[in-house]
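Student: Any chance you could fold what I've pasted below:
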Amino acid sequence: MNVIQVNNDLGDNDLEVTILRGINLPVPSGFSSATLETYVMIEFPYPTETPQTGRTRHTVGSINAEYPESEHKFYIKRNDAKFRRLMSRKELKLAVFYKPGFLRSDRPLGTASIKLAALEQTCTIHESVDLFESEHKKKIEGKLEIKLRIKEALGQTKASDILPQRWLVIDRFEESVSSIVHI
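Tutor: Coordinates of the predicted model:
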């Protein structure tokens, strides 16, 4: 049996970005994992003049931070040639910040990026991406788990990929009268 990959709960012009969790986030010096308060900033590079942004809620007390209610919808134009070129060349940028204390500005903990070109072939990307230092692009400890979804893949196939999957069919089970014991 074939399964067609389509996210019917999304509109044609929606891109949904969900930040699921931070995995083994680095702890800055002077902090403990119990006091670390983090959040993630999202920058979607469309339109190029004014990129769309989003932000998760703050999570406190863990290096394996869960970001509840972190679904962000961004507006896209599927048929725009400029948008299609942008999708093949640009990346979704993510920056993890932490709060150093009361009345202090937030500081970057690390950055990550995810290539958008894979949305040409598939309608859902679920990845765990490495964190890098903000300025140096040096890989640091920690990852972000991210899910990207659009209604249908952007490629030429209108119905996205057809995935062959095996299905197990269990027929109706009838209990025989002889197997019932009355006490």
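Student: How about Ser62, nearest residue that isn't a chain neighbour?
Tutor: Of all residues not flanking Ser62 in the chain, Ser33 sits nearest, at 6.3 Å (Cβ to Cβ, 6 or more residues apart in numbering). From N, CA and C alone the C-beta is placed, and that goes for glycine too.
Student: What is the neighbour count of the one you found?
Tutor: 13 (other Cβ atoms under 10 Å).
Student: part of a helix, is Arg84?
Tutor: Yes - according to DSSP: H, G, I helix; E, B strand; the rest coil, the state of Arg84 is that of a helix.
Student: any idea how far it lies from Leu154?
Tutor: Going from Arg84 to Leu154 by Cβ to Cβ, to the nearest Å gives 7 Å.
Student: if I read this right, the residue nearest to Ser62 contacts Gly61, doesn't it?
Tutor: Yes - the criterion here is Cβ atoms under 8 Å, and Ser33 meets it with Gly61 at 7.4 Å.
Student: Determine the number of other residues adjacent to Lys138.
Tutor: The number of residues packed near Lys138 is 9, by other Cβ under 10 Å.
Student: pLDDT at it, what is it?
Tutor: Looking at Lys138, its pLDDT reads 88.
Student: got the contact list for it?
Tutor: Neighbouring residues of Lys138 by Cβ atoms under 8 Å, 6 or more residues apart in numbering: Phe132.
Student: again with the one 5 residues further on
Tutor: Taking Cβ under 8 Å, 6+ apart as the definition of contact, the neighbours of Lys143 are 22-24, 112, 128-131.
Student: returning to what we had before: any idea how far Ala117 is from the residue nearest to Ser62?
Tutor: From Ser33 to Ala117 the distance is 35 Å (Cβ to Cβ).
Student: For Arg104, the count of nearby residues, please.
Tutor: 8.
Student: Let me know the secondary structure of it.
Tutor: The assignment at Arg104 comes out as coil when based on three-state DSSP.
Student: All set, thanks.
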